[in-house]
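Engineer: Predicted model, plus sequence, below.
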Amino acid sequence: MQNEVQTTSLVEVQQMVQSITKQQGISTLAFVGCGASMSELYPAKYFLEQEAHSLRTALLTANEFNYARPNFADESAVVVVASLGGTTKESIEATKNAHDWGCTVVAVTHNPDAKLTEAADYVLVHSFFTSYATKAAKTKVVLEFSAEMLNAVEGYDNYDAIQTAFAGIDDVINEGVKSVTPAAKEFAQEYKDDQLIYTISSGATFGTAYSTANFLFMEMQWIASPVIHSGEYFHGPFEMTNNGTPYLLFMNDGKTRHLDARVLEFLQRFDARVTVIDAKDYGLDSVCAPTVIDYFNPLIITGVMRVYAEELAKVRNHPLTKRQYMWKLENY
Ligand SMILES: N[C@@H]1[C@@H](O)[C@H](O)[C@@H](COP(=O)(O)O)O[C@@H]1O
């Protein structure tokens, strides 16, 4: 196990937000990153889209931010740039651009000494290696930061409920994953020879579907995986559903559950092969009130999906660290 870092505490997040919001006129809280780090910011963007009345939000892959400067990127914006290792060049560039354009820059990383932090005004440090809950630690600390920002800038009615959820979610994840291995092994056996798996979800968990498809399946297992929004499935992609077509469906416990359940019903009706990871199976509602539960689905599903990916990697004899290009080619 790798050494873990001293992570930023909630009190430190609160102090940071107090300091940032001394400045009047903050109108945007934007999120930038690459790959898994970008998709792990999706729940914070979703949270703000749902809850904010006036605070604007955006989520961009770093080079789009770098090459197509959005008009919001000025003194009125707080730009959060995340990179697990803190060495991804497009993300480092984004911190520099954001700084040069006058934004307040918050770097989010596992490595506080990394280059990513050089142009940052503030740094949020998160763990990653010590438990399944830490696989969602980046998402959690950025959500904490976003809830504090929203509360400070325009007020947030469900602030107390979200604090209760933050306090309990890590235990829910670490407890939840204890019972997952048999189902994960079954999934691994069932899908080990598939060259394509459709990955579907909705709400805040759409970002987890995106990261599962792009990074766990395509990058780390070399299995093609189109990612589909549960609401969009019925507007095109369902034409690909046939007897035996392989799907992975993340079901939310929250407002968009209906969208996911409708997909499941259709998949079963046409005898597709579907594995469901359902947030309701892990007692999310024991710590999350209905007003905030939507934002915590991605955290539990990220922890559980990691076990599924590890089992798949074992059965396929294809380690999650195996690459053909990444870390092998210098120029691209
Ligand atoms: N292949 C990796 C991805 O798996 C990773 O998500 C991304 C961002 O890495 P980091 O979070 O360290 O910036 O970099 C590479 O593209």
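Structural biologist: Great, that's in hand. Numbers count the residues shown, from 1 in each chain.

Engineer: any idea how this protein splits into domains?
Structural biologist: Following automatic domain parsing, the chain resolves into domains at 10-156, 182-316.

Engineer: which stretch among these comes nearest the ligand?
Structural biologist: Closest to the ligand of the domains of the chain is domain 10-156 (CB to the nearest ligand atom; 2.7 Å). Glycine gets a C-beta too; all of them are placed from N, C-alpha and C.

Engineer: Counting neighbours, what do you get for the residue nearest to residue 216 when sequence neighbours are not counted?
Structural biologist: In this structure, residue 216 finds its nearest non-sequential neighbour in residue 309, 4.4 Å apart by CB to CB, 6 or more residues apart in numbering. By other CB atoms under 10 Å, the residues close to residue 309 number 20.

Engineer: List the residues that contact residue 309.
Structural biologist: 212, 216, 220-221, 320 (CB atoms under 8 Å, 6 or more residues apart in numbering).

Engineer: Kindly recompute the last result at 10 Å.
Structural biologist: By CB atoms under 10 Å, 6 or more residues apart in numbering, the residues touching residue 309 are 184, 187-188, 212, 215-217, 220-221, 320.

Engineer: One more: residue 194?
Structural biologist: 217, 221, 223-225, 244-246, 273, 312, 316.

Engineer: Kindly report the same for residue 161.
Structural biologist: Contacts here follow CB under 10 Å, 6+ apart; on that basis residue 161 touches 287-293.

Engineer: In contact with the closest residue to it other than its chain neighbours, which residues are there?
Structural biologist: Counting by CB to CB, 6+ apart, residue 161 lies nearest to residue 289, which is 4.2 Å off, once chain neighbours are set aside. The contact partners of residue 289, taken as CB under 10 Å, 6+ apart, are 158, 160-162, 164-165.

Engineer: Turn the buried ones among those residues into a named PyMOL selection, would you?
Structural biologist: The PyMOL command for the buried members of the contacts of residue 289 (criterion: 16 or more other CB atoms under 10 Å) is given here:
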select buried, resi 158+161+162+165
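
Engineer: What is the burial count for the nearest residue to residue 227 once chain neighbours are set aside?
Structural biologist: In space, and not counting its chain neighbours, residue 227 is closest to residue 213: 4.0 Å by CB to CB, 6+ apart. Around residue 213 there are 24 other residues, counting by other CB under 10 Å.

Engineer: Residue 213 and residue 228, how far apart?
Structural biologist: Here the criterion is CB to CB, to the nearest Å. By it, residue 213 lies 9 Å from residue 228.

Engineer: joint contacts of the two?
Structural biologist: Shared contacts of residue 213 and residue 228, counting by CB under 10 Å, 6+ apart, come down to 198-201.

Engineer: Where neighbours are concerned, which of those has the most?
Structural biologist: Neighbour tally across the shared contacts of residue 213 and residue 228 (other CB under 10 Å): the maximum, 31 neighbours, falls on residue 201.
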